[in-house]
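Undergrad: How does the following fold in three dimensions:
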Amino acid sequence: MKVVLVVALLRDKLWAYPWMIGVLAVFIAYQLYRIALEPTAGLIALTAFDLLIVLLTWREMRQHRRRQAGRSSSLHETTGPAERVPSSRPAQDRCD
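TA: Down below sits the predicted model:
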C-alpha cells in the first residue's frame, strides 16, 4: 500500500497526499501503542521520522494545491472575457 502511494506521489497525484497522511497516521498510532507497552529507541526514532514525513507531505500537498489553483486561474485569464450574462431585471430598470 505504501509503495503505491509513494509512486502516486512521485507522479504528482493530488489524491495520494491525504491517503499517505492517513496511512502514516495509522502506523503512528500503532507505534505509539507499542511505545507505551515497551519503549525502544528505534521505535521512538521511527515514529519521529514518520511524524516528519507526515508534516512534509502536508506541506507538499498545500503547495501542490496552490500550484494547481494558480494554473487554473491563469488558464481562465487566457481564455478571454466571459460572455455578458443578461440581467434578470426588466429593461426599464437597467442603467446600461
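Undergrad: Okay, buried residues for stretch 37-46 please.
TA: If you call a residue buried by 16 or more other CB atoms under 10 Å, then stretch 37-46 has these buried ones: Leu46. To be clear about C-beta, it is placed using only N, CA and C from the backbone, and glycine gets the same treatment.
Undergrad: now the end-to-end length of that stretch.
TA: 16 Å (CA to CA, to the nearest Å).
Undergrad: how far does it sit from the chain's center?
TA: Its chain's C-alpha centre lies 29 Å from the corresponding centre of stretch 37-46 when counted by CA atoms, centre = their mean, to the nearest Å.
Undergrad: do stretch 55-63 as well
TA: 7 Å.
Undergrad: do the same with stretch 51-63
TA: For stretch 51-63, the distance to the chain centre is 9 Å (CA atoms, centre = their mean).
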